[in-house]
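In: Dropping a prediction and its sequence here:
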Amino acid sequence: MPLVSVITAAYAPKAGYLPDTAASVAAQQLPPGWELEWLVQEDGDVPSLLDVVAGVPSARYEANDALLGIAATRNLALSRARGELVRVLDHDDVLLPGALGLGLAPFVAAPGTWWAFTAADELDPVGRRRAQPAPPVAGAVPRGVLGLITDASGRWSVYCAGLTARTEAVRALGGWLASPRSEDVGLLTALAELGDGYIEEQVGWLYRRHPDQTHLEGGWQLREVQATRLVRQRLAAVRATGLRFDVVYAG
C-alpha cells in the first residue's frame, strides 16, 4: 500500500500553534489505498513536544537533543521516511481537509511527476484566513522551465513550504539545502530543474503569519544575500551537469 511521509520540523519555543497543525493532520482523509505517517522531528536540546503530537495515530516522533536548525532537522526526519512521497508541513501551518489527497493527485495522474505543491492562503495570528494571489505558474511544469521565480526583492513568489516530492529524488539531492535560510527554495529549485512537476492552484493549506516566525528575526534577514547566492549556485551547477530525472517512476 503506498505511503506518504509528512515531515514536520518542530522547535518548542516557536511551536505554539503545533496543536492546530496536529489536528489538521489527524483530520486528513487520504485517497483509497494510501496511508500516512507524520514524522515529527523536534529541534533543540530540551525536547518537550512529544505529548502535543502523541495523540495523532500516524505520528512518529523523534528529538534531535541538540539545536541543529531547520534544514538538518528536516533531513533527519527524511532519514526516517518510509513513504515513496514526502510532504513538508511546518509546525505552525495547517492542512485543509483533503490537502494530502490534492497533493498526491499529480503523481497518480502522471507517474513521471517528481514534485508538486498546492497554493496556500494565509492565517493571521488570531486565526483569520486571508486569500492570497494565485501562483504565477499553475498546472504541469516541465523540467527546466521554472528556474528562479522571484519578485523585485529577490525572494521567491511561491510558497514552496507545501512541497510534495518523490522521496528518492529528495534524497538524491541531499535533502534540504544546508543554508542559513531558503533551504526549501534551494531544494525545489533543483527538483524543478531535474524533473517534471505540478503546481495546483487550488488552495490546500494555510501559511500562518505570527510574531514568532523565524523569518522575522534580524539575523535571518541579514542572510538573504548569502542564501540567494547558494540557491543560484545550486541552480547553475545542476544546469551545468545536464542531468535529468528521466526514468518514469513505476510505483
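Out: Arrived safely, thanks for sending.

In: Can you tell me the closest non-neighbouring residue to the residue nearest to the spatial centre of the chain?
Out: Nearest to the geometric centre of the chain sits Val88, at 3.0 Å (C-alpha atoms, centre = their mean). Closest residue to Val88 apart from its sequence neighbours, by C-beta to C-beta, 6 or more residues apart in numbering: Leu163 at 4.9 Å. C-beta here means a position set from N, CA and C on the backbone, and glycine is covered the same way.

In: phi, psi of that neighbour?
Out: phi -70, psi 140 (degrees, to the nearest 10).

In: go on, Leu243?
Out: For Leu243, the backbone dihedrals (degrees, to the nearest 10) come out as phi -70, psi 150.

In: can you pull the contacts of the nearest residue to it once chain neighbours are set aside?
Out: With sequence-adjacent residues excluded and distances taken as C-beta to C-beta, 6+ apart, Leu243 is closest to Leu194, at 6.3 Å. Each residue near Leu194 by C-beta atoms under 8 Å, 6 or more residues apart in numbering is listed here: Trp114, Arg143, Ala169, Leu173, Val238, Leu243, Arg244, Phe245.

In: what's the answer for Leu230, then?
Out: Leu230 makes contact with Leu177, Ser179, Ser182, Gly186 under the criterion C-beta under 8 Å, 6+ apart.

In: Which single one of these is nearest to Pro57?
Out: Distance to Pro57 across these (C-beta to C-beta) is lowest for Leu177, with 32.1 Å.

In: okay, now the residue nearest to Val88: neighbour count?
Out: Residues lying near Leu163 (other C-beta atoms under 10 Å) number 23.

In: per-residue pLDDT, it?
Out: With respect to pLDDT, Leu163 has a value of 93.

In: Pass me the low-pLDDT residue ranges in the stretch 151-251 of the chain, would you?
Out: Along the stretch 151-251 of the chain, segments meeting pLDDT under 70 span 151-159, 212-222, 247-251.

In: where exactly do the helices run in it?
Out: Here the stretch 151-251 of the chain has its helices, by DSSP state H, counting those that start in this stretch, at 167-172, 183-194, 218-222, 224-241.

In: and the ones you listed, which is most packed in?
Out: The highest mean neighbour count among the helices of the stretch 151-251 of the chain, using mean count of other C-beta atoms under 10 Å, belongs to helix 183-194: a mean of 25.

In: Could you find the closest non-adjacent residue to Gly197?
Out: The shortest distance from Gly197 to any non-neighbouring residue, by C-beta to C-beta, 6+ apart, is to Trp115 (4.2 Å).

In: mind listing what that neighbour touches?
Out: When contacts are counted by C-beta under 8 Å, 6+ apart, Trp115 touches Leu163, Thr164, Ala165, Arg166, Ala169, Leu188, Leu191, Ala192, Gly195, Gly197, Tyr198.

In: Next: Gly103.
Out: Arg87, Ala116, Phe117, Thr118, Gly162, Thr164, Glu200, Gly204.

In: Can you give me the neighbour number for the first one?
Out: A total of 26 residues lie near Arg87 under the criterion other C-beta under 10 Å.
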